[in-house]
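*Asks:* Provided below for reference: sequence and predicted model.
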Amino acid sequence: MPRTLRIRRGAQVLGVPKSSDLARIKQAYLRKAAFWHPDRNAHTPALAKRKFEEVSEALQVLSHEETRRLFDAGNLDRPLLRKLAGAAESQSKDSRAGY
């Protein structure tokens, strides 16, 4: 399945409505991540890794305001997701450092 298709269905991957708030998204992520974690699925490592990555991408898309807006509009692709995620991580580090 193409990665862009997986990104577009992030809410489905987590099993939440697109209108869910951040707390519900994170709760669904924790449940799905624990279920699909590769360490807990040693009998199917390839499937577990793929599903765990899907769940992580879904959280990445739905937990940031900018990526979620783009997701809702259907304008999100993988390169843009990486760029936005990198910018969000950089801002988070700066805020923790007191800049």
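*Replies:* Happy to help now that I have it. Residues are numbered from 1 along each chain as shown.
*Asks:* name the element the closest residue to Asn41 other than its chain neighbours belongs to?
*Replies:* Distance criterion Cβ to Cβ, 6 or more residues apart in numbering; nearest residue to Asn41, sequence neighbours excluded, is Ala48 at 3.4 Å. In short, each C-beta sits where N, CA and C put it, glycine included. According to DSSP states H and E, Ala48 maps onto helix 45-62.
*Asks:* now swap in Glu66 and tell me
*Replies:* helix 65-73.
*Asks:* quick check: mean pLDDT across that helix?
*Replies:* Across helix 65-73, pLDDT averages out at 73.
*Asks:* Which strands and helices lie in contact with it?
*Replies:* If contacts are counted by 3 or more Cβ pairs under 8 Å, 6 or more residues apart in numbering; DSSP states H and E, helix 65-73 sits against helix 45-62, helix 78-97.
*Asks:* among those helices, which gets the worst mean confidence?
*Replies:* helix 78-97 (a mean of 58).
*Asks:* how many neighbours does His37 have?
*Replies:* 14 (other Cβ atoms under 10 Å).
*Asks:* Name the residues of stretch 34-48 that are buried.
*Replies:* With burial defined by 16 or more other Cβ atoms under 10 Å, the residues of stretch 34-48 counted as buried are 36, 38, 41, 48.
*Asks:* between these, which is nearest Ala73?
*Replies:* Trp36 (27.9 Å; Cβ to Cβ).
*Asks:* Distance check, the nearest residue to the closest one once chain neighbours are set aside against Ser20.
*Replies:* Nearest non-adjacent residue to Trp36, counting by Cβ to Cβ, 6+ apart: Lys51, 4.0 Å away. Separation of Lys51 from Ser20 (Cβ to Cβ, to the nearest Å) stands at 20 Å.
*Asks:* which of these two has more neighbours?
*Replies:* Between Lys51 and Ser20, Lys51 has the larger neighbour count (other Cβ under 10 Å), namely 19 against 16.
*Asks:* isn't Lys26 right next to Leu59, touching?
*Replies:* Yes. Using Cβ atoms under 8 Å, Lys26 is in contact with Leu59, at 7.3 Å.
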